[in-house]
Structure formats: C-alpha cells, structure tokens
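Asks: could you work out the structure for the sequence below:
(one chain, ligands or ions: 1)
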Amino acid sequence: SQRTLVLLKPDTVRRGLVGEVLGRFEAKGLSIVALDFRTIDADTADQHYAEHVERDFYPPLRDFVTSGPLVALVLEGDEAIEVVRALNGATDGRKAAPGTIRGDLSLSNRENLVHGSDSPESADREIKIWFPDLP
Ligand code: ATP
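Replies: Sure, this is the predicted structure:
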C-alpha cells in the first residue's frame, strides 16, 4: 500500500465540490489517513510548489492556492499515487478526459480543483510539509 498527498484546492471549496471530489476518492476505495481544512500562506505555497517557483505561471498559482481555505489530505491504498493522478485527469481541465475529476468539473488550466503527488519521493516530501506529525 502507498500514501499520496492530495489537495482539494480553493476552487473546490468555493464551488461546493468538496463532497463530490472526496466522494470519488472514497468510492474508488482509497482510505483517508489525514485530513485538514486550512488556508495557507505564501511560504507554505512556495514549499509545496518548490519545483515551480521560478515558472511564469507560478505567481498567479501562488495567489490562487493562498486565496482561501483548501482541504489537504493523505490518501492510502494500492498504487495510490498513480490511481489518484488517473482520477484527477490531465492538468488542463479543458483537455482532461471526461470521467476524470478535472475532465468533468474544471474548465481551467490553473483552477483545476485537485493536486496529487507525482512520485513516491514527492509524496514523502509533501506529506512532511502538510502533516509533519503524521506517523
Ligand atoms: P498537480 O501537481 O497540482 O497535481 P499537475 O501535476 O497536473 O498538477 P503541474 O505541472 O505539477 O500539474 O502544475 C502544478 C499546478 O500548477 C497545476 O495543477 C495547475 O494548477 C498549475 N499550472 C500548471 N501549468 C500551468 C499553466 N500553464 N498555467 C497556469 N497554471 C498552471
């Protein structure tokens, strides 16, 4: 079994889609290991998106992820990292396949509802940022 760090970004909360999105992960069979509703500051955003801080798209992304409360969670299950990324769909909601969270619910490249760790190394790093006390 594997763990992954998932964010339901502020657009998910604002649009009232927390239940819908969380329900998809639960229905798939993934277990919630940790869950927190919080608003992050720019420093936390920079830590989480360390690999993107120099990118052109980052300043508006930072504004977006700090714009209101989000839901951070750790999900666990067999091949959880790949399974979550498949459920999330392609980064750009306009191109994401129907049936995926982004494909069904997002029309944006930035406000794409969810984040999921992209590798075991990223998952370890991100889980430590968001849930430092998680055993
Ligand atoms: P995530 O890491 O959030 O699961 P991802 O792996 O599909 O998404 P990344 O390439 O890691 O996408 O980009 C991280 C986030 O940055 C995206 O989820 C999106 O919110 C934003 N982003 C990425 N590319 C762009 C872009 N070209 N324009 C605007 N925002 C972007």
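Asks: now the nearest residue to I127 once chain neighbours are set aside: phi and psi?
Replies: Leaving aside its chain neighbours, I127 sits nearest to L5 (5.1 Å; criterion: Cβ to Cβ, 6 or more residues apart in numbering). Using the backbone N, CA and C atoms, a C-beta is placed for each residue, glycine as well. Per-residue torsions, L5: phi -90, psi 130 (degrees, to the nearest 10).
Asks: secondary structure element holding E20?
Replies: Remark: E20 resides in helix 18-28, with elements defined by DSSP states H and E.
Asks: that helix vs the ligand: in contact?
Replies: No - Helix 18-28 lies out of reach of the ligand by Cβ under 6 Å from any ligand atom, never closer than 12.8 Å.
Asks: helices and strands around that helix, which ones?
Replies: strand 2-8, strand 70-77, helix 80-88, helix 101-105 (3 or more Cβ pairs under 8 Å, 6 or more residues apart in numbering; DSSP states H and E).
Asks: beta partners for the residue most central in space within the chain?
Replies: The chain has H115 as the residue nearest its centroid, 2.1 Å off, counting by Cα atoms, centre = their mean. Beta-bridge pairing for H115 (DSSP bridges): L7.
Asks: I'd like to know which of the helices and strands packed on helix 18-28 is closest to the ligand.
Replies: Nearest to the ligand, of all the helices and strands packed on helix 18-28, is helix 80-88, at 6.1 Å by Cβ to the nearest ligand atom.
Asks: just the buried positions in the closest one, please.
Replies: By neighbour count on 16 or more other Cβ atoms under 10 Å, the buried set for helix 80-88 is 80-81, 83-85, 87-88.
Asks: let me have those in TSV, adding pLDDT and distance to the ligand as columns.
Replies: Formatted as TSV, the buried residues of helix 80-88 follow (pLDDT from 0 to 100; distance: Cβ to the nearest ligand atom, whole Å):
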residue	pLDDT	distance to the ligand
A80	99	13
I81	98	11
V83	99	13
V84	99	9
R85	98	7
L87	99	11
N88	99	6
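Asks: dump those residues to CSV, plus distance to R15.
Replies: Formatted as CSV, these follow (distance: Cβ to Cβ, whole Å):
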residue, distance to R15
A80, 25
I81, 25
V83, 23
V84, 20
R85, 21
L87, 18
N88, 16
